[in-house]
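>>> Sharing a sequence plus its predicted fold:
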Amino acid sequence: MLKHQQQFLSKIATNEGHGENSAFFDGWKAYDMNPYHPSKNPNGVIQMGLAENQLSFDLIQEWVKNNPRASVCTADGSDEFKDIAIFQDYHGLPEFRNAVARFMEKVRGNRVRFDADRIVMSGGATGAQETLAFCLADPGDAFLVPTPYYPGNDRDLTWRTRIRLVPVVCESSNNFKITRTALETAYQKAQESNIKIKGLLLNNPSNPLGTALDRESLTDSLHFTMEKKIHLICDEIYSATVFRQPGFISIAEIVQEDTASCNLDLIHIVYSLSKDLGFPGFRVGIIYSYNDMVTDCARKMSSFGLVSTQTQHLIGSMLSDDAFVGRFLKESSKRLGTRHGLLCGKLAKVGITSLKGNSGLFCWMDLRRLLKAQTFEAEMELWSVIINEVKINVSPGASFHCSEPGWFRVCFANMDDETMIVAMNRILEFVIQSKGMEAKNTRKQFWGSKLEISLSSRRLDAFFMSPHRMSPHSPMASPLVRART
Ligand SMILES: Cc1ncc(COP(=O)(O)O)c(C=O)c1O
């Protein structure tokens, strides 16, 4: 079928640039086929592969109830319905741009200023990344990206733009820190292969690591890009998810402190409200470029992915409420920290370590000791067991281009407390079994009587003999409608 279509359709329509044929999305498919529900499907798959921030929705809902004028579809707000419905200027509503700029400042501790006239809209950070790629590079050019990195980058930055991503290999030996040596090595390799590097893409805080970049890594990266005369793009979509010191440092702060050695025309920030507020469905993405031409071009391109004025109006009102924003940011960070602590603490009790995180909606779990061999094949085998037998969708490191097998991303903010307990029970039982420990005695001391463990007693080896386990590439319908994370 594909072969037949290839002669009629474009390369983009028939290539694999969407990236859906990966374990990252197979986990989604497995979840979609058999989703966990506490009463209707208690043995179903629990989704821990979704970086959603649902822990503070009660605060948002309360604000929406108390502010009916913020929506043009309520009796109180309907006077503005017509004006909002017909507004289609791609600069966006001034109150929206101002509120977003002030919000971005607040998240950065008011240590930097953002110019509301530079706020350019896009369809989420997804659209922002692609728009920037279109503005900064030509087909065949490349961006450097430190590993492990968000799998969506492969689709967002390369599929339609036809630019390339070149990995900067970071390793667990120094907690995946971005070093000058790693940057130089990747750059040199690209040069030797005649690949033109146009920029460096950082994700700070990092998905999947759950860590914010330190000042040294940021400064090194900035100096590296300035020396090479390439762009520095910082995806700061998780900036308000920081829950522990050391806090978040935006590239905007570094740039502000170092204006003399910095060519501002090369600095660009990608942002969105998908993670910090937990609104991935609103598709509010922001491009903040210090380069006038990029800002101008991106704004024109934003016609392809504008945020609807109804959403702009709501967000403009919500983010202008200083008291609410202050309360939300504080509470959200506290709740994320508590969840993270709970998960990592329980994992540690059964000897599973994770990278020491301070941000994000996930932890980066180290299961290297459970691999049969230190290979990516063994990682896939382990992942198959976790999804099919433990019935938890976590994402394997390979899908983040991690250079070492055995790391898994575990999302913890997309479920309620009860589901979290069930999920942790399953992980606990699995680890205990695979380490050959006596589960019965051990599990009581962690969870008391609230246990609900569904894992069968089959061991890993027996499992691999099973003819029923799901293929890692099941041909199910696309989950990408929802799968951004
Ligand atoms: C690092 C990173 N960048 C960009 C995105 C895309 O975000 P959005 O939903 O705003 O398009 C995600 C989503 O998970 C992400 O983790």
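Alright, I've got the coordinates.
>>> Tell me who's in contact with the residue in the chain that the ligand sits nearest to.
Taking CB to the nearest ligand atom, the ligand has its nearest neighbour within the chain at residue 124, 2.6 Å off. From N, CA and C alone the C-beta is placed, and that goes for glycine too. When contacts are counted by CB atoms under 8 Å, 6 or more residues apart in numbering, residue 124 touches 272, 274, 280, 283, 284, 285, 484.
>>> ok, and the closest non-adjacent residue to it?
Spatially, and ignoring its direct neighbours in sequence, residue 124 is nearest to residue 285 (4.2 Å; CB to CB, 6 or more residues apart in numbering).
>>> is it fair to say that neighbour lies in a helix?
No. Assigned with DSSP: H, G, I helix; E, B strand; the rest coil, residue 285 falls outside any helix and is strand.
>>> Just list whatever residues bridge to it.
Beta-bridge pairing of residue 285 under DSSP bridges involves residue 122, residue 272.
>>> before we move on, back to that, what's the closest of the contacts of residue 124 to residue 130?
Nearest to residue 130 among the contacts of residue 124 is residue 285, at 9.8 Å by CB to CB.
>>> Show the contacting residues for that closest one.
Residue 285 is in contact with 121-128, 270-272, 274, 305, 307, counting by CB under 8 Å, 6+ apart.
>>> could the residues you listed go into TSV alongside pLDDT?
Below are those laid out as TSV (pLDDT from 0 to 100):
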residue	pLDDT
121	96
122	96
123	96
124	97
125	97
126	97
127	97
128	98
270	98
271	98
272	97
274	97
305	91
307	93
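>>> Near the ligand, which residues of the stretch 201-350 of the chain are found?
203, 207, 235, 237, 272, 274, 280, 285 (CB under 6 Å from any ligand atom).
>>> now that we have those residues, which one has the most neighbours?
Counting neighbours by other CB atoms under 10 Å, residue 237 leads these with 29 neighbours.
>>> need the residues of the stretch 51-200 of the chain near the ligand, please.
So the stretch 51-200 of the chain meets the ligand at 51, 124, 125, 126, 150, 152 (CB under 6 Å from any ligand atom).
>>> May I ask which of the residues you listed has the most neighbours?
Compared across these, residue 125 has the highest neighbour count, 28 neighbours, by other CB under 10 Å.
>>> Alpha carbons of the host helix or strand of that one, in CSV - could you do that?
Using DSSP states H and E, residue 125 falls within helix 124-136. Extracted in CSV, the C-alpha atoms of helix 124-136 (Å, rounded to 0.1, in the frame of the first residue of the first chain):
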residue,chain,number,x,y,z
GLY,A,124,2.1,24.8,21.3
ALA,A,125,5.8,24.4,21.7
THR,A,126,5.5,21.9,18.8
GLY,A,127,4.6,24.7,16.4
ALA,A,128,7.1,27.0,18.0
GLN,A,129,10.0,24.6,17.3
GLU,A,130,9.0,24.0,13.8
THR,A,131,8.5,27.7,13.0
LEU,A,132,12.0,28.5,14.5
ALA,A,133,13.5,25.7,12.4
PHE,A,134,11.9,27.2,9.3
CYS,A,135,13.3,30.6,10.2
LEU,A,136,16.8,29.5,11.1
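>>> next structured bit after it?
Downstream of helix 124-136, the next assigned helix or strand under DSSP H and E is strand 142-146.
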